[in-house]
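Asks: Kindly return the folded structure for what I paste below:
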Amino acid sequence: MKQEQAGAVIVEVRGRNAVALTRQGEFIRVNNEGYAIGQQVLLPERMPSARPVRRRMRLTAYAGMVAGLLLLVLGGFKGYTTPVGVVSLDVNPSIEYTINAFDRVLDISAVNDDAGRILANLDESALRYRPVDEVVDATILALRESGYLTDATGNDVVISALSYDTEHTQQIAERLGSRVSQDDGLTVYSVPVSKGEVEDAHARGTSAGKLYIVEELEDSWSAVEDFDADDWLERPVRDIIRETSDQREGKDREDEREERNWPTSAPYKTPESPQSACPEENQPYQQNDDSEQRRDSDDAPKQGESKHD
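Replies: Numbering: from 1, shown residues only. Just a heads-up that it's a prediction; the model follows:
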């Protein structure tokens with residue numbers, strides 16, 4: 001049975017114990033899990049170790065905190081449960097994590113069927129409200145265990161990030177990209193995206209990260225056949241990345257040919273040799289028989305003349 005959770009704010013830390021203020025305005029004593037004063041925490045509605053703080057226990061000490069913390073609690077809970085961004089992770093399974101302003105995961109969704117099989121092996125309730133970094137780590141492990149990330153299949157991973165402003169969006173993308181890249185054998189592409197790009201991706205039934213790399217492929221496309229974006233959106237990340245690399249290499253070769261004035265539509269052919277172009281002018285030198293005959297005729301003595309005159 002799923003256990004309900006309630007939010008609270010830590011107002012006092014005492015060794016192994018801490019005091020939390022719930023959104024109902026109740027002070028309860030809980031085990032100290034390394035908490036800090038002012039930290040927002042999620043606690044089960046019924047905790048065996050949680051018990052109300054006795055009225056005599058310095059309630060006056062908390063009175064000054066309550067006024068200030070009440071706004072923090074009420075505003076903090078709203079902020080804690082309000083989605084402000086999306087992180088996507090693509091291999092072939094495409095998974096999205098809805099995050100709050102504290103980079104905590106509020107929801108995990110499968111963008112395609114492969115992702116649904118991955119999420120079936122994850123305890124989503126245990127991952128909810130965890131830092132997105134930890135949830136991405138758990139997903140990478142599940143992808144390895146399911147055979148989506150192996151040496152035989154290629155290990156290209158695309159991460160996209162969107163948060164409440166451009167700077168924080170960039171920070172999340174860089175942080176997650178750096179973190180996942182530390183996993184042996186993974187090639188990670190992390191990109192910050194905009195709200196419009198996320199909406200466009202959702203309209204096409206894909207993630208922002210997947211759409212981004214397909215658009216990169218389209219920009220690099222140099223093949224004769226028309227580009228089919230919908231077809232490529234269904235393919236694994238490794239296929240898209242490899243094809244993009246091949247297309248860019250092809251473009252580089254085309255540019256090189258143009259710089260050398262080589263034809264781009266047909267293989268380079270050796271120019272026709274002068275011999276084949278003008279056979280009469282380029283035949284090996286042969287003495288002309290008629291000229292010889294004329295020369296012999298001129299040298300021969302004329303009738304009535306002696307050769308030795």
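Asks: what's the neighbour count on the closest residue to Tyr148 other than its chain neighbours?
Replies: Using C-beta to C-beta, 6 or more residues apart in numbering and skipping the chain neighbours, the partner closest in space to Tyr148 is Val91 (5.1 Å). Placement of C-beta: from N, CA and C, glycine included. The tally of other residues near Val91 (other C-beta atoms under 10 Å) stands at 25.
Asks: On the pLDDT front, check Val91 for me.
Replies: Listed pLDDT for Val91 reads 95.
Asks: contacting residues for it?
Replies: Val91 sits next to Leu143, Tyr148, Leu149, Asp156, Val157, Val158, Pro236, Val237, Arg238 when contact means C-beta atoms under 8 Å, 6 or more residues apart in numbering.
Asks: Let's see that with 6 Å instead.
Replies: Contact partners of Val91, counting by C-beta atoms under 6 Å, 6 or more residues apart in numbering, are Leu143, Tyr148, Val157, Val237.
Asks: and the helix or strand that Ile28 is a member of, average pLDDT?
Replies: Remark: Ile28 resides in strand 27-31, with elements defined by DSSP states H and E. Averaging pLDDT along strand 27-31 yields 85.
Asks: and that strand, which residues are buried?
Replies: Phe27, Ile28, Arg29, Val30 (16 or more other C-beta atoms under 10 Å).
Asks: cool, stretch 148-163 as well?
Replies: Under 16+ other C-beta under 10 Å, the buried positions of stretch 148-163 are Tyr148, Leu149, Gly154, Asn155, Asp156, Val157, Val158, Ile159, Ser160, Ala161, Leu162, Ser163.
Asks: want to try JSON lines for those residues, with secondary structure as columns?
Replies: Listed next are the buried residues of stretch 148-163 as JSON lines, based on DSSP: H, G, I helix; E, B strand; the rest coil:
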{"residue": "Tyr148", "secondary structure": "coil"}
{"residue": "Leu149", "secondary structure": "coil"}
{"residue": "Gly154", "secondary structure": "coil"}
{"residue": "Asn155", "secondary structure": "coil"}
{"residue": "Asp156", "secondary structure": "strand"}
{"residue": "Val157", "secondary structure": "strand"}
{"residue": "Val158", "secondary structure": "strand"}
{"residue": "Ile159", "secondary structure": "strand"}
{"residue": "Ser160", "secondary structure": "strand"}
{"residue": "Ala161", "secondary structure": "strand"}
{"residue": "Leu162", "secondary structure": "strand"}
{"residue": "Ser163", "secondary structure": "coil"}
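Asks: May I see those residues arranged in a markdown table, with distance to Asn121 as well?
Replies: Below are the buried residues of stretch 148-163 laid out as a markdown table (distance: C-beta to C-beta, whole Å):
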| residue | distance to Asn121 |
| --- | --- |
| Tyr148 | 11 |
| Leu149 | 14 |
| Gly154 | 21 |
| Asn155 | 19 |
| Asp156 | 21 |
| Val157 | 18 |
| Val158 | 21 |
| Ile159 | 20 |
| Ser160 | 23 |
| Ala161 | 24 |
| Leu162 | 26 |
| Ser163 | 27 |
